[in-house]
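A.B. asks: mind looking at a prediction? Sequence and model below.
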Amino acid sequence: MNLTILAASGQTGLALTRQALHRGHTVTAIARNPDRIAVADSPNLRKVAGEVNDAAGIAAVVDEESVVLSALGTDRAGTLLAGAEAVVAAGPRRVIWLGAYGTGRSAEVAGAEMLAAVLGDRLADKVDADNTILAAGGTVFHAGMLADGPESPRRRTVGLAAGAPLDFGVKISRETVAAAMLDEAEAPEHPGAVALPLAE
């Protein structure tokens with residue numbers, strides 16, 4: 001499968017890239033600075049410099065056969081929505097997008113009103129980006145607090161209805177989230193919906 005990974009130099013993006021190559025996929029890994037994509041060279045890996053708010057640049061590497069996985073995070077309002085719109089406009093086969101548990105559609109289930117104060121003007125950007133992906137039939141993963149560590153051997157993915165209140169003391173590894181996102185890319189079970197990766 002041809003996978004395009006956004007924010008491939010970040011911690012979750014690196015986990016996605018490594019695991020995708022291990023699973024035998026062909027990967028186009030996009031980052032502002034591709035030299036920071038710290039993954040061993042492979043004939044199945046192409047590192048590309050790119051900005052998510054550059055719609056033409058995204059369209060140059062994403063086509064109707066692409067499956068896009070995004071590990072984007074940002075400290076600037078507007079970046080996530082611009083990236084979501086650029087990805088959707090490029091017309092990929094499938095989009096798997098990483099969001100944040102307690103925002104948008106998962107806010108009521110998570111009961112995490114305090115995230116609004118923490119995220120400030122970035123909250124609306126996250127919600128708008130998620131909604132853009134969902135409206136296009138993509139899957140948005142709402143993960144809880146991310147941490148380093150290995151993939152959980154008891155990981156599973158559930159729908160939003162199975163969510164629980166957000167517990168800031170409970171963490172999920174980026175490796176577990178990446179594995180769940182890749183599972184969805186390979187065999188979609190939550191198209192057009194929010195999915196929750198769990199490590200239990």
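C.D. replies: Perfect, thanks for sending it.
A.B. asks: doesn't residue 123 make contact with residue 99?
C.D. replies: No - under the criterion of Cβ atoms under 8 Å, residue 99 makes no contact with residue 123, lying 11.2 Å away. C-beta coordinates here come from the backbone N, C-alpha and C atoms, glycine included.
A.B. asks: which residue ranges of this structure form helices?
C.D. replies: Along the chain, counting by DSSP state H, helices occupy 11-22, 55-61, 79-90, 107-110, 114-119, 122-135, 174-186.
A.B. asks: go through these and name the closest to residue 159.
C.D. replies: helix 107-110 (10.4 Å; Cβ to Cβ).
A.B. asks: check the average confidence over the closest one, would you?
C.D. replies: Mean pLDDT, helix 107-110: 80.
A.B. asks: with stretch 175-189 instead?
C.D. replies: Mean pLDDT, stretch 175-189: 98.
A.B. asks: next one: stretch 67-74
C.D. replies: Averaged across stretch 67-74, the pLDDT comes to 92.
A.B. asks: tell me the contacts of residue 140?
C.D. replies: 97-99, 104-105, 130, 133-134, 193-195 (Cβ atoms under 8 Å, 6 or more residues apart in numbering).
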